[in-house]
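**Q** need a 3D model of the sequence below.
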Amino acid sequence: MIALQRQDLAVARRSFDKALSLDQNSLDALTGLVMLDIGTRQPAEAIKRIDERLARTPNAASVHMLSARAKLANKDQAGAEASLRKAIELDSSLLQAYSLLGGLYLSQKKPDE
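**A** Down below sits the predicted model:
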């Protein structure tokens, strides 16, 4: 995270890759790589990473949240909505998911949703 904050993207990517190789279920490492992918305008790569994780852990609400963010960065509002709904279904205490979903509905001019 320090390398990322310093904008040393190569070191950050290597560090997150190493962390993920040590713990394939590390949400922090996955989030870091997804942030790098989105920041370097590669949202499709971010979504691919997340989909691979979801194939192994389909009931991880936090990964569905991350998926929603990546899909929003890729301008996939329908996909983001589906991911947010799944996250809420899996963990109804995720206030951030409700907030993102509400913001998405407002941007789509669907305040009643």
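
**Q** which residues in the protein form strands?
**A** Taking DSSP state E as the criterion, the chain carries no strands.

**Q** who touches the residue nearest to Ser67 when sequence neighbours are not counted in this structure?
**A** Closest residue in space to Ser67, ignoring its immediate chain neighbours: Ser83 at 4.2 Å, by C-beta to C-beta, 6 or more residues apart in numbering. Where you see a C-beta, it was placed from the backbone N, CA and C, and this is true even at glycine. Shown here is Ser83, whose contacts under the criterion C-beta atoms under 8 Å, 6 or more residues apart in numbering are 64-65, 67-68, 71.

**Q** from the residues you listed, pick the one nearest Leu106.
**A** Ala68 (15.3 Å; C-beta to C-beta).

**Q** kindly provide the distance from the closest one to Ala12.
**A** The gap separating Ala68 from Ala12 is 23 Å, by C-beta to C-beta, to the nearest Å.
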